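Student: Okay, here's the prediction I keep looking at, along with the sequence it came from:
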Amino acid sequence: MKKLLSLLLMAALPALAQVTVGEPWVRATVAAQKATGAFMTLTSTQATRLVGVSSPVAGAVEVHEMKMMDDMMKMRQLQALDLPAGQAVKLAPGGYHLMLLNLKQPLKEGDKVPLTLEIEDAQKVRSKVVVEAPVKPLNAAH
């Protein structure tokens, strides 16, 4: 009876999506620079959304998209970024990326930047993924 009850309870609970992070990195800054970008590839086992990001090195972290609009490349903040099940979503220069704003100190090559990603599934259940991203040179493209 206990086994049957356990199986029923497990079947009733939605499985939490697993999000993997590949090749995270943050672009280095110069002395007075107060913002920089963070990049990575996110893959989720279920349809989820990236709904928030934080880091102790920045006053705020926002999800942004670079997009061509009216013959001009423009950047805009996204409230959430969809992560379709089983599809890699690339955060890269010139596309989706994270903006670290109000940096508390310059970031130099070799530093490690902790990032906490907040993920929300279809049932509005939120989970966190903690990443440590190495800082790469200013001219790094990937």
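Tutor: Yep, that arrived. Residues are numbered from 1 along each chain as shown.
Student: distance of the residue lying closest to Thr45 once chain neighbours are set aside from Thr116?
Tutor: The shortest distance from Thr45 to any non-neighbouring residue, by CB to CB, 6 or more residues apart in numbering, is to Gln18 (4.6 Å). Any C-beta I mention is one placed from the backbone N, CA and C, and that applies to glycine too. Taking CB to CB, to the nearest Å as the measure, Gln18 falls 16 Å from Thr116.
Student: again with Pro134
Tutor: 17 Å.
Student: quick one: what helix or strand has Arg76 in it?
Tutor: Following DSSP states H and E, one finds Arg76 within strand 72-78.
Student: Which elements pack onto that strand?
Tutor: strand 58-69 (3 or more CB pairs under 8 Å, 6 or more residues apart in numbering; DSSP states H and E).
Student: again, only this time at 10 Å
Tutor: strand 48-54, strand 58-69, strand 96-103 (3 or more CB pairs under 10 Å, 6 or more residues apart in numbering; DSSP states H and E).
Student: Return the set of buried residues in the longest one.
Tutor: Spelled out, that is strand 58-69. 58, 61-64, 66 (16 or more other CB atoms under 10 Å).
Student: Centroid-nearest residue for the chain?
Tutor: Nearest to the mean C-alpha position of the chain, by CA atoms, centre = their mean, lies Leu117 at 5.2 Å.
Student: That one - that's part of a strand, no?
Tutor: Yes. Under DSSP: H, G, I helix; E, B strand; the rest coil, Leu117 falls within a strand.
Student: how close does it sit to Met69?
Tutor: With distances taken as CB to CB, Leu117 is found 27 Å from Met69.
Student: Ok, Lys104 next?
Tutor: 32 Å.
Student: Now Glu120. Nearest residue, chain neighbours left out?
Tutor: Val51 (4.6 Å).
Student: Looking at the strand holding Arg76 now, give me its mean pLDDT.
Tutor: The average pLDDT for strand 72-78 rounds to 89.
Student: do stretch 30-48 as well
Tutor: For stretch 30-48, mean pLDDT rounds to 95.
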